[in-house]
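[1] Generate a structure from the sequence data that follows.
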Amino acid sequence: MAKLRQKNPKTVRQAEEVRGLEHLSMDVAVNFSKGAQLSSHIHNVCAEAKEAIYTREEDVKFWLEKGVDGSMFEVLPQTSDLPDLQRCKLCADRWKPCICSYSLNIEWYPCMLKYCKTRDAGGKVSSYKCGIRSCQKGYTFDYYVPQKQLCLWDEET
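    Got it, this is the predicted structure:
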């Protein structure tokens, strides 16, 4: 990948493949002070969000199987636990708990090798690596917040 160079690096690129939207429910909170067990990067990347680091229950199960200390995780309330819990963008009271939503769209990223076809002098078709295929992917993360005040960007959507 390091040897491949873009022919026109200033060109605005369009993804060749749209991989759709993935909806993720972040239903577990991670204790920041113990997070280094998961990754050495947590203290740098999440330093400003010490009280708001979330993950999925599936990820927690994976880490527990690898021997990570389970005391760093706290299962968050879900809509099934609290029937009055609603999405933050529908909640009028800024001090009520709600389900916050954050969307992220990666417009262009290299996702696989691209193969081209050629014919030799005998007419036989063969393929060869001729570049990198580009993709687009979207994510929506839903997570519990104890008050709508902690999810003001959800009003914009």
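[2] hey, where'd the strands end up in this structure?
    17-26, 28-30, 54-55, 73-75, 98-119, 125-145 (DSSP state E).
[3] Make TSV out of those strands and add distance to residue 90.
    Any C-beta I mention is one placed from the backbone N, CA and C, and that applies to glycine too. Below are the strands of the chain laid out as TSV (distance: least, Cβ to Cβ, whole Å):
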stretch	distance to residue 90
strand 17-26	17
strand 28-30	23
strand 54-55	20
strand 73-75	24
strand 98-119	8
strand 125-145	13
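[4] which stretch among those strands comes nearest residue 8?
    strand 125-145 (12.9 Å; Cβ to Cβ).
[5] For the protein, which helix extends over the most residues?
    helix 57-65 (DSSP state H).
[6] re earlier: please tabulate the strands of the chain in CSV and include mean pLDDT as additional columns.
    Shown next, in CSV, are those (pLDDT from 0 to 100):
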stretch, mean pLDDT
strand 17-26, 93
strand 28-30, 92
strand 54-55, 92
strand 73-75, 92
strand 98-119, 90
strand 125-145, 90
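[7] which secondary structure elements does the longest helix of the chain contact?
    strand 28-30 (3 or more Cβ pairs under 8 Å, 6 or more residues apart in numbering; DSSP states H and E).
[8] Now with 10 Å, please.
    The contact analysis (3 or more Cβ pairs under 10 Å, 6 or more residues apart in numbering; DSSP states H and E) places helix 57-65 against strand 17-26, strand 28-30, strand 73-75.
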